[in-house]
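Student: how would this look folded up:
(chains A, B, C and D)
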Protein chains: 2
Amino acid sequence: MDDELLAVRVAELYYDENKTQDEIGGLLGISRWKAGRLLAQAREHGIVRIEIVHPRARRLATERALRERLGLADAVVVPTPENEIGVQGRVAQAAADFLAGFRPVPRVLGVSWGRTLTDVAERMPDGWATGVTVVQINGGVSLNRRPGTAATLASTIAQRGRGHAVLLPSPAILERLSTKKAIESDRTVAAVLERAEEANAYLYSAGVVDENSAHVESGYLRADDVEELARRGAIGDIVGRYIDANGNIVDPALDERTLGVSLETLRAAATAILVIAGAAKHDIARAVVTSGLCTVLITDEATARALLEDS
Amino acid sequence: MDDELLAVRVAELYYDENKTQDEIGGLLGISRWKAGRLLAQAREHGIVRIEIVHPRARRLATERALRERLGLADAVVVPTPENEIGVQGRVAQAAADFLAGFRPVPRVLGVSWGRTLTDVAERMPDGWATGVTVVQINGGVSLNRRPGTAATLASTIAQRGRGHAVLLPSPAILERLSTKKAIESDRTVAAVLERAEEANAYLYSAGVVDENSAHVESGYLRADDVEELARRGAIGDIVGRYIDANGNIVDPALDERTLGVSLETLRAAATAILVIAGAAKHDIARAVVTSGLCTVLITDEATARALLEDS
DNA sequence: GACGGCCCTGCTCATATGAGCAGATGGATA
DNA sequence: TATCCATCTGCTCATATGAGCAGGGCCGTC
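Tutor: The predicted structure is shown next:
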């Protein structure tokens, strides 16, 4: 019996049968030290495969790589399920867990909106904070017919944190720059934007450039506007603003008409948490992370690997 | 963070990050004993899944169940691969390993023939014994056109064991009883059968009742003979003899014309090793094992589970 | 509000394990 | 054949771990 086969036997006796290395030595006619060494070999050669099977499992090694190689303050990575079934939920759960455990507990939290953030809000544990102010950081989905809009999302997070939400009563993108300036200078809106600027942490996701974008669905943009953006290099949007692979604004004129915190605010933030999942969003995730728009990344392993590959 | 989630974190830090329970306690703000207890819980609840990934892995727990619940002297169970791809090979390898490690090394080994045993023979390690006599225990496949017949199989096992093969120069089933008696009383044949009776161990497999059986292929039986056997309750054959679910001979007249060791010889043997794999053979495996025709079973996990289910 | 039982916690102590070391083994080379 | 080098082996010792136990808090019950 060669050493590899012996290692398999040792591993079986140790892990399946809960024998001590000493007993194993006795059974297989080898010394207990040899048993220990074979066991180490078995682990090294991948004969022993240890997996943490749980919807809330994480990938600490990948998280560390992200922190070290991309200079992130923190990262949370969950395994990507087969065919991405349920990644959104898993990543949202991880984001909720992260936020709930984040210290110091933010007194003012800036949030954007979207499908992903709605998922996060739903998963925030009740009582995750004691008196948090949740500020909406970009113009909202009031036009959207679906429930679960920016307003309910922010309110949910706030209520569960025993606090209140400060909503931004404005469209995401205005048709004319003058309208945008007018709204912005409205006292209530200005007050909201001011609070948004002083948030202790920002929580946002990102969208990809395609005709199903929430901006199109809500009527802020037309399908051909999006096409044009894509043609000009846009790969996605964060807080309503379309950026290219370098994290730069694609269409400054459009951006001027977009209401909410600026990319500069995010870049300067002490804590900016990007929550993003799925293969479709690898490119936009890369753009956001490499251009320093976030300090914390919460994502699935496939996305994380995509980011790490080219660095 | 509830205990289950905490257990997941502990498991990750322990198994993925190789931290000590003490370090984990420090990281998660719990005592090292709590970390240890959570780890135990995680293992118990199946959050930690440890697998031995190797072509020669075994299922010791199932083996133990077979020994204890079916009264076998020994059992070897290998995992059934997805869609049974390669089970035959895996089980054959396990049989070869078992035989090579069997103590005391048999001086005389009785073998039957067939696809499975050919696979076993090919996998016997060179020098597995020092001077073994391998006796063919049932009539052979001289008519068979394919290579790898009873003769080469027995010779291979013998050569690798630094010994020689004693072949049974006879068809498996004779057309007429008188012919069988005549052959049986031939001095050389009688001598072989005598050696077969005194084997220290028998190694054989089993076939299922269908028109592709080696007996039909070799011309010993016609397709409609097999159909008739099935109609009368036959579920398969071992050492050329067709048995029903209770391990009894189905057609005594046919059996009389079948040349080789009897079922009684197998039942009385100190060591009779059945090598069998695949879902198609679950029934015949059950018949052989429950009727005491073997003392050692070498099989795949699915087959083993099928046997254990109804006991 | 007092009591009793249950579970959980943090401990002690025996055991299991891994790191590191010195001698043994074996194969290649001069 | 003698010698060297590399690997392997069995050891000592420090550390990590698990079993079992006593005390404390929490719950329900009276």
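
Student: middle-most residue in chain A, spatially?
Tutor: A:V275 (1.7 Å; Cα atoms, centre = their mean).

Student: Can you list phi and psi of that one for me?
Tutor: Here is the backbone geometry of A:V275 (degrees, to the nearest 10): phi -110, psi 120.

Student: And A:R232, by the same measure?
Tutor: Torsion angles, degrees, to the nearest 10, at A:R232: phi -90, psi 10.

Student: What is the burial count for the spatially closest residue to it that is not a sequence neighbour?
Tutor: Leaving out its chain neighbours, the residue that sits closest to A:R232 by Cβ to Cβ, 6 or more residues apart in numbering or on different chains is A:V250, at 5.2 Å. C-beta: built from backbone N, CA, C; applies to glycine. If you count neighbours by other Cβ atoms under 10 Å in any protein chain shown, A:V250 ends up with 20.

Student: on that earlier part again, how far away is the residue nearest to the centre of chain A from A:I85?
Tutor: Relative to A:I85, A:V275 is positioned 18 Å away (Cβ to Cβ, to the nearest Å).

Student: Distance across stretch A:246-263, terminal residue to terminal residue?
Tutor: 13 Å (Cα to Cα, to the nearest Å).

Student: Run the chain-centre distance for it.
Tutor: Centroid separation between stretch A:246-263 and its chain, computed with Cα atoms, centre = their mean, to the nearest Å, is 21 Å.

Student: can you check stretch A:150-167 too?
Tutor: 19 Å.

Student: any idea of the pLDDT on A:R123?
Tutor: pLDDT recorded at A:R123 is 95.

Student: what's the answer for A:A165, then?
Tutor: For A:A165, the model assigns a pLDDT of 94.

Student: Same check on A:V141?
Tutor: As predicted, A:V141 sits at a pLDDT of 64.

Student: A:E217 too?
Tutor: Looking at A:E217, the pLDDT reads 81.

Student: Would you map the strands across the stretch 151-300 of chain A?
Tutor: A:164-166, A:201-204, A:207-208, A:236-238, A:241-243, A:272-275, A:296-300 (DSSP state E, counting those that start in this stretch).

Student: a markdown table for those, including distance to DNA strand D?
Tutor: Putting the strands of the stretch 151-300 of chain A into a markdown table (distance: least, Cβ to the nearest atom of the strand, whole Å) gives the following:
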| stretch | distance to DNA strand D |
| --- | --- |
| strand A:164-166 | 30 |
| strand A:201-204 | 32 |
| strand A:207-208 | 44 |
| strand A:236-238 | 42 |
| strand A:241-243 | 46 |
| strand A:272-275 | 32 |
| strand A:296-300 | 29 |
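
Student: closest one to chain B among the ones you listed?
Tutor: strand A:296-300 (15.6 Å; Cβ to the nearest Cβ).

Student: so how far is A:L274 from the closest residue to chain B within the stretch 101-250 of chain A?
Tutor: Chain B sits closest to A:G101 of the stretch 101-250 of chain A, with a gap of 7.0 Å, by Cβ to the nearest Cβ. As defined by Cβ to Cβ, A:G101 lies at a distance of 17 Å from A:L274.

Student: again, but for A:F98
Tutor: From A:F98 to A:L274 the distance is 11 Å (Cβ to Cβ).

Student: what residues are shared contacts of those two?
Tutor: Residues touching both A:F98 and A:L274 (Cβ atoms under 8 Å, 6 or more residues apart in numbering or on different chains): A:V296, A:I298.

Student: neighbour-wise, which of the two wins?
Tutor: Using other Cβ under 10 Å as the criterion, A:F98 and A:L274 rank with A:L274 on top: 26 against 18.

Student: and the helix or strand bottoming out on mean pLDDT in chain A, which residues are buried?
Tutor: Using mean pLDDT, DSSP states H and E, helix A:214-217 stands out as the lowest-scoring helix or strand of chain A, at a mean of 84. Going by neighbour count (16 or more other Cβ atoms under 10 Å in any protein chain shown), the buried part of helix A:214-217 is A:A214, A:H215, A:V216.

Student: May I have it as CSV, with CA atoms only?
Tutor: Provided in CSV are the C-alpha atoms of helix A:214-217 (Å, rounded to 0.1, in the frame of the first residue of the first chain):
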residue,chain,number,x,y,z
ALA,A,214,-34.7,51.2,-13.5
HIS,A,215,-34.0,54.6,-15.1
VAL,A,216,-35.7,53.5,-18.3
GLU,A,217,-38.5,51.7,-16.4
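
Student: Can you give the contact residues for that helix?
Tutor: For helix A:214-217, contacts defined as Cβ under 8 Å, 6+ apart pick out A:114-115, A:141, A:144, A:172-173, A:207, A:221-223, A:225-226, A:237, A:240.

Student: out of these, who's nearest DNA strand D?
Tutor: Closest approach to DNA strand D among the contacts of helix A:214-217 (Cβ to the nearest atom of the strand): A:R115, at 38.0 Å.
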